[in-house]
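Quick one: sequence plus predicted model below, questions after.
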Amino acid sequence: MSIVLGVAVVTAGYADLNSRITTLEHGQSIQDMTIRENAAFVREWPLGLRGALPDDLIQNAKIMALEDRQAELQRLQERMNDLQIDINRVSGVNETHDEKLETLFDIWNTQIVGK
C-alpha cells in the first residue's frame, strides 16, 4: 500500500512540476513575442512605419501648411522683384523721354527766340 501511495505522490509531483514548467515556458514564449514586437516597434516608429499619434498628424499638417505658405511667399517675393525691375526700367525710359522732351523744347525755344 505504501508503494502505491508513494507512486501516487511521485506522479502527482511530476504532474505538478510538468504543469509549472509548461506554464513558465508559455509565459517565456509570450514574453519573447512581446520583446520582439517591442524591438520592431522601437525600430519602425521613428521611421513612420507604425503610424503616428494624432498630435503628430496635426503637427505635420501645420508644418505642411507653413511650407506651402513659405513657397507662396517666396513666389510673391520673386514677383515683387520682377515688378521692381520693370518699374525701374519704365522709370529709366520716362527719364530718357523727359530729357529728350527738354532737349526738344530747348531747340524749339532757341529757334523761336532766334527768329
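Yep, that arrived. This structure is a prediction, so every number in the text was calculated from the model and none was measured.

and the longest helix for this structure?
Identified as the longest helix of the chain according to DSSP state H is helix 54-114.

which strands and helices sit next to that helix?
With contacts taken as 3 or more CB pairs under 8 Å, 6 or more residues apart in numbering; DSSP states H and E, helix 54-114 sits against no other helix or strand. (C-beta placed from N, C-alpha, C; glycine too.)

what's the offset of it from the middle of its chain?
Distance, stretch centre to chain centre, for helix 54-114: 35 Å (CA atoms, centre = their mean, to the nearest Å).

which SSE is Glu25 in?
Element membership of Glu25, judged by DSSP states H and E, is helix 2-44.

Relative to the whole chain's centre, how far out is that helix?
On CA atoms, centre = their mean, the centre of helix 2-44 falls 47 Å from that of its chain.

What's the mean pLDDT across it?
Here helix 2-44 scores 93 as its mean pLDDT.

Can you get me a residue count around Ser45?
Actually, residue 45 is Trp rather than Ser. Using other CB atoms under 10 Å, Trp45 has 13 other residues around it.

please begin residue numbering at 10 from this point
In the new numbering, first residue 10, that becomes Trp54.

tell me the secondary structure for Arg59?
The three-state assignment at Arg59 reads coil, by DSSP: H, G, I helix; E, B strand; the rest coil.

I meant to write Pro55 there.
Pro55 ends up coil, using three-state DSSP.

Report the contact partners of it.
Residues in contact with Pro55 (CB atoms under 8 Å, 6 or more residues apart in numbering): none are found.

Show me the domain layout of the protein.
As given by automatic domain parsing, the domain ranges for the chain are 10-60, 62-124.

tell me the contacts of Gln68?
Contacts for Gln68 (CB under 8 Å, 6+ apart) come out as none.

Check the gap between it and Gln83 for me.
22 Å (CB to CB, to the nearest Å).

What values do phi and psi take at Leu62?
The phi and psi values for Leu62, taken as degrees, to the nearest 10, are phi -70, psi 150.

per-residue confidence for it?
Looking at Leu62, its pLDDT reads 76.

Based on its surroundings, how many neighbours for it?
Neighbour tally, Leu62, other CB under 10 Å: 9.
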